[in-house]
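# Sharing a sequence plus its predicted fold:
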Amino acid sequence: MSMAAVETKKITLRTADNHEFEVEEAIAMEFSTIKTFFDENPDASEDTIPLPNVTSKCLSAIIEYCKSHLAFRARETSSSIDEQVRTYDEEFVKARDNESLKELILAANYLNIKALLDMLNQAVADRIKNKSVEYVRRFFGLENDYTPEEEAAIRAENEWAFEGVDPDDD
Amino acid sequence: MLSTKRSRASSSNSYQLLSSSSADLIASDDNILTLILLCLPLKCLLKFKTVSKHWLSLITDPRFSPKYDCRTTSGLFARRLSGQTKAEYDFINLTPNPSRAPFQSLTFVDDPSGIRILQSCNGLLLCCSFRANRPETTYYIYNPTTKQYTVLPGLGPGPRGRSSRNTFGVSLAFDPSKSPHYKVICIRNCDSDLPDHYQIEIYSSRSGPWRPSCCPFAAPINVQFKNGVFWNGALHWLSDWGDSLCFDVEEERIRDLPMAPVVGDVRLYRYFGQSGGHLHLIEVYGSDTLQFDVYEMERDYSGWFVKYQVDLNPIAAAFPEMARGYVDPVDLHSYAFSILSVVQQESDEDSFLVLHLPNKAIRYNFKDGSFSKLHDFAPLRTRVGGDGSLEFDCYDAYQFTESFACV
């Protein structure tokens, strides 16, 4: 048994698809939902925390994100660190398709990780902002509940806002 | 939320498992949806009103206030001389993206006299019936982004019900960064036993009807009450002879506005306006000078300082039609140019001047004096003066700022 090493406390999380993740306490505390839970139940730290609303795919991405951002924050603030954070965030989002982005948003919302949620929301906003109204309906799985006349009337009021729309290629 | 019991999965809450229904979950979670909407630019929000009725209700909810820089001027409305009852406006786009004019003439309500803009203030327009200065002039507040408008109540005969009271100026005071409410200030003459005195009446969008404000005050005859500029919580009016005035809208107090001494008899100012949270003044003396300064007022009113120096000689070389060959009796200058607006951006380096030369509008960048053409004005059917004449001065140009403000 090594005497010198300081044991970092680990928390066990169980996802919806029954995978267990062991994470360092510092990372688990980034999830405000979990932090609040431990603040209210200080004796529960040995327990496995069930996360029925988070898949293992999402949780592993979120853990990576929190780990990286914790590491960034541990370094001194400077404009080059800011630049690296921006690049990391862009890369985090870029490769993911719309479905995974949405899943991540729901998970970040459930786990209450504000910085991640803000970043993901902005990423979704950037993805839809130049798209057509039809694309946005498909993206969110929404029905058009306007009659053609109603829709035309609102559109006519703001015709100039409909210019410059990207083609829907996905 | 998280269960405190160890062994049981929290089946007691009502969440569904993720996978195929994530879209529905976001769509039905107004909190998340609102957070996403808040990240979108204004133009998108207008477009996405047609996504669904639910989105329309979220976007038009009065508590929904998007993050946007309300100081970015994205265009100018320039009022054409048309000789008709309806005022027509050309739209000068100041953004790098192509953009269509929000309107060409004001038809939001059917006013038989036609409607014209009196003043633009941080996203809202104060408008009135085209044939103003009649007792029946109707005033409107209009938001050109959302197309909403409101009709202001009539001014009425005045406190003692005496017959004719003249209105010298009506101005809008609106600062969305301070309050969603606006005030409209009207300068009228007093009842006849106090000649040369003025009375201010105020209308508030929050607390309602016109009411007199502060005591009657005496003002120098030449104060241009028609052209008030709202900045720093106060309305400012220039006088080309004597002192200029400002009216603190919050404290309802009139005070003097310090001006530099006039060169000669009369102040020859070419531009007085607000942009990006700063108050600017341009005076041009000398009948053939093409170099002048843009002054800015200190926020504590201690005085004007030189903000930018302008040299129009390269522009005069590029546009020879500017040279008149004679000194114009109206603007006392031998070159044809007028200043439509100073556009102050977040940084001084991106700020610029919008100039009017015969039949065109030019952008002059303060940083390096570079310039580019912004707009061609289609020639008018009826043309007063020769080809070298100017159609607009700074009082015919109104800033367009996108805004979701309620009227």
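Nice, I can see it. No experiment lies behind these values; they were computed from the predicted model shown. Numbers count the residues shown, from 1 in each chain, chains lettered A, B, ... in the order given.
# any idea of the mean pLDDT in the longest helix along chain A?
Taking DSSP state H as the criterion, chain A has its longest helix at helix A:56-74. Helix A:56-74 carries an average pLDDT of 93.
# same for that helix, what does it pack against?
strand A:10-15, strand A:20-24, helix A:25-28, helix A:79-94, helix A:98-111, helix A:114-128 (3 or more C-beta pairs under 8 Å, 6 or more residues apart in numbering or on different chains; DSSP states H and E). (C-beta placed from N, C-alpha, C; glycine too.)
# closest one to B:Gly264 among those?
Proximity to B:Gly264 (C-beta to C-beta) singles out helix A:79-94 among the helices and strands packed on helix A:56-74, at 51.1 Å.
# What residues of the closest one count as buried?
Within helix A:79-94, the residues that qualify as buried are A:Val85, A:Asp89, A:Phe92, A:Val93, counting by 16 or more other C-beta atoms under 10 Å in any protein chain shown.
# what helices or strands is that helix leaning on?
Secondary-structure packing of helix A:79-94 (3+ C-beta pairs under 8 Å, 6+ apart): helix A:56-74, helix A:114-128.
# what does that helix contact?
For helix A:79-94, contacts defined as C-beta atoms under 8 Å, 6 or more residues apart in numbering or on different chains pick out A:Ala61, A:Tyr65, A:Ser68, A:His69, A:Phe72, A:Arg75, A:Leu101, A:Met119, A:Leu120, A:Ala123.
# For burial, what's the neighbour tally of the residue of the stretch 301-407 of chain B found nearest chain A?
Relative to chain A, the nearest point of the stretch 301-407 of chain B is B:Glu402 (9.9 Å; C-beta to the nearest C-beta). The number of residues packed near B:Glu402 is 24, by other C-beta atoms under 10 Å in any protein chain shown.
# Please apply the same query to B:Tyr271.
B:Tyr271, neighbours per other C-beta under 10 Å, totals 23.
# and if you look at B:Gly154?
Neighbour tally, B:Gly154, other C-beta under 10 Å: 13.
# Can you read off the pLDDT for it?
In this model, B:Gly154 is scored at 85, pLDDT.
# Identify the residues contacting the residue lying closest to it once chain neighbours are set aside.
Nearest residue to B:Gly154, sequence neighbours excluded (C-beta to C-beta, 6 or more residues apart in numbering or on different chains): B:Thr138, at 7.6 Å. Neighbour list for B:Thr138: B:Asp111, B:Cys128, B:Ser129, B:Val151, B:Leu152, B:Gly154 [criterion: C-beta under 8 Å, 6+ apart].
# The fifth one contacts B:Tyr203, correct?
Yes - B:Leu152 sits in contact with B:Tyr203 when judged by C-beta atoms under 8 Å, with a separation of 6.0 Å.
# could you give me the average pLDDT of stretch B:283-294?
The pLDDT scores in stretch B:283-294 average 91.
# buried residues in stretch A:129-147?
Across stretch A:129-147, burial judged by 16+ other C-beta under 10 Å covers A:Lys129, A:Lys131, A:Val133, A:Tyr135, A:Val136, A:Arg137, A:Phe139, A:Phe140, A:Gly141, A:Leu142, A:Tyr146.
# swap in stretch B:235-248?
Neighbour-count burial for stretch B:235-248, counted by 16+ other C-beta under 10 Å, picks out B:Leu235, B:His236, B:Trp237, B:Leu238, B:Ser239, B:Asp240, B:Ser244, B:Leu245, B:Cys246, B:Phe247.
# Now do it: everything it contacts.
Stretch B:235-248 has contacts (C-beta under 8 Å, 6+ apart) with B:169, B:171, B:173, B:185, B:200, B:219-225, B:227-230, B:233-234, B:249, B:253-257, B:259, B:262, B:265-269, B:272, B:279, B:281, B:301.
# re the thing from before, most tightly surrounded among the helices and strands packed on helix A:56-74?
Across these, averaging neighbours per residue (mean count of other C-beta atoms under 10 Å in any protein chain shown) puts helix A:98-111 on top, at a mean of 22.
# Could you list the low-confidence segments of chain A?
Applying pLDDT under 70 to chain A flags the ranges A:1-7, A:160, A:164, A:169-170.
# The same query, at a cut-off of 90, please.
A:1-10, A:25, A:34-49, A:52-53, A:73-83, A:95, A:129-130, A:141, A:153-170 (pLDDT under 90).
# Do I have it right that B:Glu283 meets B:Phe292?
Yes - the pair B:Glu283 / B:Phe292 is scored as a contact, 7.3 Å apart, by C-beta under 8 Å.
# in the sheet, who's paired with the residue of the stretch 151-300 of chain B found nearest chain A?
Chain A sits closest to B:Val151 of the stretch 151-300 of chain B, with a gap of 18.8 Å, by C-beta to the nearest C-beta. Beta bridges link B:Val151 to B:Tyr140, judged by DSSP bridges.
# Tell me who's in contact with it.
By C-beta under 8 Å, 6+ apart, the contact set of B:Val151 is B:Val109, B:Thr138, B:Tyr139, B:Tyr140.
# Relative to chain A, which of these is nearest.
Using C-beta to the nearest C-beta, B:Val109 is the member of the contacts of B:Val151 that lies nearest chain A, at 14.4 Å.
# Secondary structure class of that closest one, three-state.
coil (DSSP: H, G, I helix; E, B strand; the rest coil).
# Apart from its neighbours in sequence, what residue is nearest it?
Excluding its sequence neighbours, the residue lying closest to B:Val109 (C-beta to C-beta, 6+ apart) is B:Tyr149, at 6.4 Å.
# CA atoms only: put the helix or strand encompassing the one you found into CSV for me.
Using DSSP states H and E, B:Tyr149 maps to strand B:148-151. Only the C-alpha atoms of strand B:148-151 are listed here, as CSV (Å, rounded to 0.1, in the frame of the first residue of the first chain):
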residue,chain,number,x,y,z
GLN,B,148,-45.6,47.4,-34.4
TYR,B,149,-46.8,50.9,-33.8
THR,B,150,-48.7,52.9,-31.3
VAL,B,151,-50.7,56.2,-31.7
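# How far away from the center of its chain is the helix or strand that it is followed by?
For strand B:148-151, the following helix or strand on the C-terminal side (DSSP H and E) is strand B:167-174. Relative to its parent chain, strand B:167-174 has a centroid offset of 12 Å by C-alpha atoms, centre = their mean, to the nearest Å.
# ditto for stretch B:106-124
Centroid displacement of stretch B:106-124 relative to its chain, using C-alpha atoms, centre = their mean, is 12 Å.
# do the same with stretch A:37-53
Centroid separation for stretch A:37-53 versus its chain: 21 Å, with C-alpha atoms, centre = their mean.
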